[in-house]
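In: All I have is the shape, not the residue letters:
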């Protein structure tokens, strides 16, 4: 049954032609039986042919078939050929025009002509010459089918337009969803880039310091050199593990159950980070104030990365005798971070331009991280020398 329905929808002209042939046969039988003279039959025959052609071709050439119907009606009025079954085509073409994709003025014109057809027909032929009320009633009854045909067609056109609008809106939403997915991918790539910057900058800096120290004491203190090499090895493995975790995010469809995919660092690991920096030769004072409590994941990662980047900058720009201090303060509604060093600091442009010193984007990355969690960041030289970074991160999830 569904195949038959699909076939009929694919061949609308064939379906209309079937009904046109059926209407033609019934109309010709009526003409042959109801008309009294051969002359009347010959005059009526062209109207049957024309109106059946209208039914057959109404969906292929809607507007031309409308004007053919109007011309046929004018021909009947001029020749006095009374209406027959073929005149049902007028209702069909009126419905088709109202439902079709034609200009609105043509649809309204067709409605006006359809409503006018009944009164004109009544005036031309009438029903009962002795009863005017019967004529009026008959004319009103003829107007109703024309009005209903147009209303049904216009309702169908409105439904089609609404359905097309829904399809267009769905396609637009799919496009917007695809655009949002691309934005999310870009944001994730930017996050991974920030993570990679922090991981590489910190761990490579530690490895360089340890390698320099090992080379310096290799001959006079082999044990210290051995410890430095072990620190380099451990730091390198840690860096590789974090980088694999980050790059694994970009690999779709691959399992990520390896032990190399370590969890993201949090606030508790800041103390481990400080110990690692101390082992690299930088004096760091670390204190926690307030009552530690669970923090949002984004806040914990941001706090860790800020401290990591700040200590890395101290080693890179602070000079040989620099020292640093790290303070974590738990407030009622936020986590405060204060990282200071006593070194000579970086060039003035490093903090004046937001951290874009041509060699890295450390401070820019800090500001982006803090902005993502709704916090504030202040970075710049401190009184008496050195550099200071302070941040306030909200604790609301």
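Out: Alright, I've got the coordinates. Source: prediction; values computed, not measured.

In: where along the chain do the strands fall?
Out: Taking DSSP state E, the strands of the chain run over residues 283-289, 323-330, 334-341, 376-381, 387-394.

In: So which of the ones you listed is nearest residue 63?
Out: Using CB to CB as the criterion, the shortest distance between residue 63 and those is 66.7 Å, found for strand 387-394. Every residue, glycine included, has its C-beta placed from N, CA and C.

In: and the closest one, which residues are buried?
Out: Taking 16 or more other CB atoms under 10 Å as the neighbour-count basis, strand 387-394 is seen to contain the buried residues 387, 388, 389, 390, 391, 392, 393.

In: Run through who's touching that strand.
Out: 299, 302-303, 306, 310, 313-314, 317-318, 331, 333-341, 343, 345-346, 351, 366, 370, 373-382 (CB atoms under 8 Å, 6 or more residues apart in numbering).

In: ok, it: who's next to it in the sheet?
Out: Counting by DSSP bridges, the strands paired with strand 387-394 are strand 334-341 (antiparallel), strand 376-381 (antiparallel).

In: Ok, which of these comes nearest residue 35?
Out: With CB to CB as the criterion, residue 35 lies closest to strand 376-381 of these, at 96.5 Å.

In: Please state the offset of the closest one from the chain centre?
Out: When C-alpha coordinates are averaged (CA atoms, centre = their mean, to the nearest Å), strand 376-381 and its chain have centres 37 Å apart.

In: Report the mean per-residue pLDDT for that strand.
Out: Confidence over strand 376-381, taken as the mean pLDDT, stands at 89.

In: again with stretch 71-81
Out: Here stretch 71-81 scores 85 as its mean pLDDT.

In: Report how many residues lie close to residue 58.
Out: The burial count assigned to residue 58 is 25, neighbours taken as other CB atoms under 10 Å.

In: and it, backbone torsions?
Out: phi -60, psi -30 (degrees, to the nearest 10).

In: Run through the residues that contact it.
Out: Counting by CB under 8 Å, 6+ apart, residue 58 touches 16, 65, 92, 93, 96.

In: again with residue 146
Out: Contacts of residue 146 were listed using CB under 8 Å, 6+ apart, and they are 90, 91, 94, 111, 114, 115, 117, 118.

In: For residue 110, list the residues it contacts.
Out: Residues near residue 110 by CB under 8 Å, 6+ apart: 66, 93, 94, 97, 98, 150.

In: ok, the fifth one touching residue 150?
Out: Yes: between residue 98 and residue 150 there is a contact under CB atoms under 8 Å: 4.7 Å.

In: what is in contact with those two at once?
Out: Applying CB under 8 Å, 6+ apart, one finds that residue 98 and residue 150 are jointly contacted by 107, 110, 111.

In: which residue sits closest to the last one, ignoring its sequence neighbours?
Out: What it means is residue 111. Taking CB to CB, 6 or more residues apart in numbering as the measure, residue 111 lies nearest to residue 150, with 4.6 Å between them; neighbours along the chain are not counted.

In: now residue 299
Out: Closest residue to residue 299 apart from its sequence neighbours, by CB to CB, 6+ apart: residue 393 at 4.9 Å.

In: Check the gap between that neighbour and residue 285 for me.
Out: Using CB to CB, to the nearest Å, residue 393 is found at 21 Å from residue 285.

In: again with residue 61
Out: To residue 285, residue 61 is 91 Å away according to CB to CB.

In: Helices - which of the contacts of residue 146 land there?
Out: When DSSP state H is applied, the contacts of residue 146 are split such that 90, 91, 94, 111, 114, 115, 117, 118 fall in helices.

In: Go through the buried residues of strand 387-394 and name the one nearest residue 75.
Out: Checking the buried residues of strand 387-394 against residue 75 with CB to CB, the nearest one is residue 393 at 87.5 Å.

In: Check residue 338 and give its pLDDT.
Out: The per-residue pLDDT reported for residue 338 equals 92.

In: Tell me how many other residues crowd it.
Out: Applying other CB under 10 Å, we find 19 residues neighbouring residue 338.

In: For the residue nearest to it when sequence neighbours are not counted, list the residues it contacts.
Out: Once flanking residues are discounted, residue 338 sits nearest to residue 327: 4.1 Å by CB to CB, 6+ apart. The contact partners of residue 327, taken as CB under 8 Å, 6+ apart, are 287, 288, 289, 336, 337, 338, 339.

In: any chance of the residues you listed in TSV, plus distance to residue 222?
Out: Converted to TSV, those look like this (distance: CB to CB, whole Å):
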residue	distance to residue 222
287	36
288	38
289	42
336	44
337	40
338	40
339	35
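
In: buried subset of those residues?
Out: Buried positions within those, assessed by neighbour count (16+ other CB under 10 Å), are 336, 337, 338, 339.

In: Would you map the helices across the stretch 151-300 of the chain?
Out: For the stretch 151-300 of the chain, applying DSSP state H, counting those that start in this stretch gives helices covering 222-248, 270-279, 297-317.
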